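Enquirer: Got a predicted structure plus its sequence, pasted below:
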Amino acid sequence: MIEEQKLNQEKSPLRLLREEAGLTRPQVKDKIGVSERRQADWESGKAMPNAENVAALCRLYRVSLKTMFHSLGINTLGIPDD
């Protein structure tokens, strides 16, 4: 249990969303057409997805835009809920 918590602490929030959705990078590639390398860059914080890809990830992972923004490190303070 402690090892699993430690491993999850090292994973990015975006990666955790993907894994919670039960998806692998190859599956995401097949569903939204984004290379595994690009996904790895998003998950490591080296790059940010564009608006179209953010929307696709929200649909795929079944999360709100605020949740997605938070996982990408974007401050959502002051943004009203829908």
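Expert: Right, received. Where do you want to start? A quick note: this is a predicted structure, and the numbers were derived from the prediction, not measured. Residues are numbered from 1 along each chain as shown.

Enquirer: Next, residue 67: phi, psi?
Expert: Main-chain torsions, residue 67, degrees, to the nearest 10: phi -60, psi -40.

Enquirer: Ignore what I typed, I meant residue 34.
Expert: phi -110, psi 130.

Enquirer: and it, how many residues sit next to it?
Expert: The tally of other residues near residue 34 (other Cβ atoms under 10 Å) stands at 18. (Glycine included, C-beta is placed from N, CA and C.)

Enquirer: Now the residue nearest to it when sequence neighbours are not counted: which helix or strand?
Expert: In this structure, residue 34 finds its nearest non-sequential neighbour in residue 53, 6.2 Å apart by Cβ to Cβ, 6 or more residues apart in numbering. Here residue 53 sits within helix 51-61, counting by DSSP states H and E.

Enquirer: which residues touch that helix?
Expert: Contacts with helix 51-61, where a contact means Cβ atoms under 8 Å, 6 or more residues apart in numbering, come from 14, 17-18, 20-21, 23, 28, 31-32, 34, 49, 64-65, 67-69, 72.

Enquirer: In this structure residue 63 contacts residue 14, no?
Expert: No. Checked against Cβ atoms under 8 Å, the pair residue 63 and residue 14 is beyond contact range at 10.3 Å.

Enquirer: Can you list the low-confidence ranges for this protein?
Expert: Where the chain drops to pLDDT under 70, the residues are 1-9.

Enquirer: can we see that at 90?
Expert: Along the chain, segments meeting pLDDT under 90 span 1-10, 79-82.

Enquirer: Show me where it has its helices.
Expert: Using DSSP state H, the helices of the chain run over 2-10, 13-20, 25-32, 36-44, 51-61, 65-71.

Enquirer: Could you dump these into TSV with distance to residue 77 added?
Expert: Listed next are the helices of the chain as TSV, based on distance: least, Cβ to Cβ, whole Å:
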stretch	distance to residue 77
helix 2-10	23
helix 13-20	16
helix 25-32	28
helix 36-44	22
helix 51-61	18
helix 65-71	10
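
Enquirer: want to throw those into a markdown table with distance to residue 81 and mean neighbour count?
Expert: What follows is the helices of the chain, written out as a markdown table (distance: least, Cβ to Cβ, whole Å; neighbours: other Cβ atoms under 10 Å):
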| stretch | distance to residue 81 | mean neighbour count |
| --- | --- | --- |
| helix 2-10 | 26 | 8 |
| helix 13-20 | 19 | 17 |
| helix 25-32 | 25 | 15 |
| helix 36-44 | 24 | 16 |
| helix 51-61 | 15 | 16 |
| helix 65-71 | 7 | 17 |
